[in-house]
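Student: quick one, fold the following:
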Amino acid sequence: YYIVINIYGLSAINLRYQSMPLPSLALFILAAISAAASATNIDPCNNACIRGDGTFCGIDGNCHALSCAEVYQNQYGWPLNLAESDTETEKNLTCKDIDTTTTTTTTVIALVRNATKARSMFGTEEANGSLTILEADFSNLSSLESTLSSSPLLQRLRRDPNDDTERTATTTPCRLRLFLACGNTPDQVTLELNVARAITTLSNSDDDGGECFCVKLSTAQPLVENSIGVGAIHRPIEESLKVLYHPNRYAMLRPNIFTQMFDPSEGVPLLAVDLKSKECTHMYADSKISMIDVDDVAACAKSILTSDDPITDHGGNIYELTGPEAVGLSGGFSNAISSIQSSPFTITSRSIEEHIIGTGLPPAAVGTITPFLRTIGSYGTVTDTVQKLTGRPPKSISDFVLL
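Tutor: Numbers count the residues shown, from 1 in each chain. Predicted coordinates:
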């Protein structure tokens with residue numbers, strides 16, 4: 001199957017791998033899935049054969065042509081220009097020659113605005129074949145559709161419109177999976193939905209959503225449900241995706257605020273903890289927040305996107321993602337910082353209004369962003385979703401600081 005990850009906001013990306021702010025989440029997932037794809041694509045032919053286009057690397061180490069029957073049986077889709085009556089392909093490879101450990105492969109495509117920037121970060125992955133970088137204009141739907149439809153990789157998803165052969169239960173469900181992530185911009189709704197709509201045009205299925213499955217990165221549950229702050233942007237996108245990817249060809253990720261946002265070297269000034277002295281003040285010093293490590297959000301997205309059957313396993317689900325506990329910065333965070341410094345570090349509380357003004361924002365900003373900040377500050381719900389999706393517990397604040 002194919003995983004398309006749209007990335008918007010490369011200019012804001014810091015290249016640290018373990019601690020990355022919101023714009024870098026898509027790239028972290030991209031790296032994780034690319035690594036998984038590279039590890040599972042056992043290919044003694046050294047990528048000489050392109051899976052899915054009618055060729056296969058046999059266990060003899062040579063590149064062979066597949067018959068239509070073998071392509072169908074082994075879930076490689078319907079290659080272009082391969083005739084059922086082509087007896088030469090029948091002679092080239094028999095089913096017993098196929099290494100069944102490679103019958104499901106993952107092709108990862110990064111859909112980006114600036115391919116040059118993307119290659120500076122993931123040139124190695126592109127060179128070894130575990131990643132394909134595709135540049136596109138997210139703001140122009142027709143241009144985006146043209147870019148996707150002209151991609152040789154994605155053209156393989158299209159079946160001959162005259163082919164009325166039914167697929168069987170052995171066919172890989174949702175051969176095209178989309179991870180939809182975008183920085184918070186004024187035109188975010190347009191950008192995300194343009195990508196979502198363009199992806200659906202790659203399928204010839206009569207069903208809404210076709211053979212596509214979409215995983216949408218949203219924001220914290222109470223923000224979306226009450227249309228507060230960025231939640232007012234994500235909510236209409238979620239509602240539109242439910243229609244575009246009907247029935248149940250979608251999953252929503254609603255993570256609490258990222259732990260990385262409090263890191264002074266990675267986060268934003270409004271949220272970052274000031275470590276320049278032995279003490280500081282913060283609006284969330286005593287607030288119990290179930291903040292989540294961005295690594296855990298990436299792991300959850302990866303789990304869904306690489307599922308054998310995302311519709312059955314995750315279709316229509318909304319996942320509320322949180323950390324392992326609700327903690328205040330004056331507790332877990334300051335204790336972890338103190339343990340790696342020569343002297344104790346303390347964080348004392350101040351009001352949200354004082355904090356906004358104290359970080360240099362204009363007084364007019366108080367009324368605009370206070371509802372958002374107050375909602376996050378009171379969001380202490382703890383879920384076991386990360387454990388269920390990844391098979392491991394989420395990382396704690398101490399894990400983030402000390403590891």
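
Student: okay, now the unreliable bits of the stretch 151-300 of the chain?
Tutor: Along the stretch 151-300 of the chain, segments meeting pLDDT under 70 span 155-173, 203-210.

Student: which residues of it fall in helices?
Tutor: For the stretch 151-300 of the chain, helices defined by DSSP state H, counting those that start in this stretch occupy the ranges 152-155, 188-200, 221-225, 231-244, 294-305.

Student: those strands in the protein, which residues are they?
Tutor: In the chain, the strands defined using DSSP state E lie at 2-7, 55-57, 63-65, 107-112, 132-135, 176-180, 212-217, 250-255, 279-282, 317-321, 346-349.

Student: TSV please, covering those and showing mean neighbour count and distance to residue 402.
Tutor: For the C-beta atoms, the positions are set from N, CA and C on the backbone; glycine is no exception. Conversion of the strands of the chain to TSV gives the following (neighbours: other C-beta atoms under 10 Å; distance: least, C-beta to C-beta, whole Å):
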stretch	mean neighbour count	distance to residue 402
strand 2-7	26	30
strand 55-57	24	44
strand 63-65	19	49
strand 107-112	25	31
strand 132-135	18	35
strand 176-180	26	29
strand 212-217	26	27
strand 250-255	26	22
strand 279-282	17	19
strand 317-321	18	22
strand 346-349	16	17
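
Student: want to throw those into a markdown table with distance to residue 361?
Tutor: Shown next, in a markdown table, are the strands of the chain (distance: least, C-beta to C-beta, whole Å):
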| stretch | distance to residue 361 |
| --- | --- |
| strand 2-7 | 28 |
| strand 55-57 | 57 |
| strand 63-65 | 60 |
| strand 107-112 | 31 |
| strand 132-135 | 35 |
| strand 176-180 | 30 |
| strand 212-217 | 26 |
| strand 250-255 | 24 |
| strand 279-282 | 15 |
| strand 317-321 | 28 |
| strand 346-349 | 19 |
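
Student: so who does residue 252 touch?
Tutor: 215, 216, 218, 238, 241, 317, 318, 319 (C-beta atoms under 8 Å, 6 or more residues apart in numbering).

Student: surely the last one touches residue 221?
Tutor: No. With the criterion set as C-beta atoms under 8 Å, residue 319 and residue 221 do not qualify as a contacting pair; they are 9.6 Å apart.

Student: what do the two both touch?
Tutor: Counting by C-beta under 8 Å, 6+ apart, the contacts common to residue 319 and residue 221 are residue 254.

Student: about what we covered before: can you say which of the helices of the stretch 151-300 of the chain is packed in most?
Tutor: Most buried of the helices of the stretch 151-300 of the chain, by mean neighbour count (mean count of other C-beta atoms under 10 Å): helix 294-305, with a mean of 24.

Student: now the angle from it to strand 317-321?
Tutor: 160 degrees (axes from the mean of the first three to the mean of the last three C-alpha atoms, to 10 degrees).

Student: and helix 294-305, what does it pack onto?
Tutor: In this structure, helix 294-305 packs against helix 25-40, strand 176-180, strand 212-217, strand 250-255, helix 310-314, strand 317-321, helix 385-390, with contacts taken as 3 or more C-beta pairs under 8 Å, 6 or more residues apart in numbering; DSSP states H and E.

Student: against which helices or strands is the last one packed?
Tutor: Which is helix 385-390. Counting by 3+ C-beta pairs under 8 Å, 6+ apart, helix 385-390 packs on helix 294-305, strand 317-321.

Student: between the helices of the stretch 151-300 of the chain, which one is closest to residue 109.
Tutor: Between residue 109 and the helices of the stretch 151-300 of the chain, the tightest spacing by C-beta to C-beta is seen for helix 152-155, at 6.4 Å.

Student: with just CA atoms, put the closest one into PDB.
Tutor: The C-alpha trace of helix 152-155 is given here as PDB (Å, rounded to 0.1, in the frame of the first residue of the first chain):
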ATOM      1  CA  PRO A 152       4.300   7.300 -11.700                       C
ATOM      2  CA  LEU A 153       4.000   5.800  -8.200                       C
ATOM      3  CA  LEU A 154       0.400   6.900  -7.700                       C
ATOM      4  CA  GLN A 155      -0.600   6.000 -11.200                       C
END
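
Student: neighbouring contacts of it?
Tutor: Under C-beta under 8 Å, 6+ apart, the answer for helix 152-155 is 2, 4, 80, 107, 109, 132, 148, 149, 176, 202.

Student: which of those residues lies closest to residue 247?
Tutor: residue 176 (16.6 Å).

Student: I'd say residue 261 and residue 269 touch.
Tutor: No. Using C-beta under 8 Å, residue 261 makes no contact with residue 269, being 10.6 Å away.

Student: what about the two, which has more around it?
Tutor: Counted by other C-beta atoms under 10 Å, residue 261 and residue 269 do not tie: residue 261 has more neighbours, with 18 against 10.

Student: alright, calling it a day.
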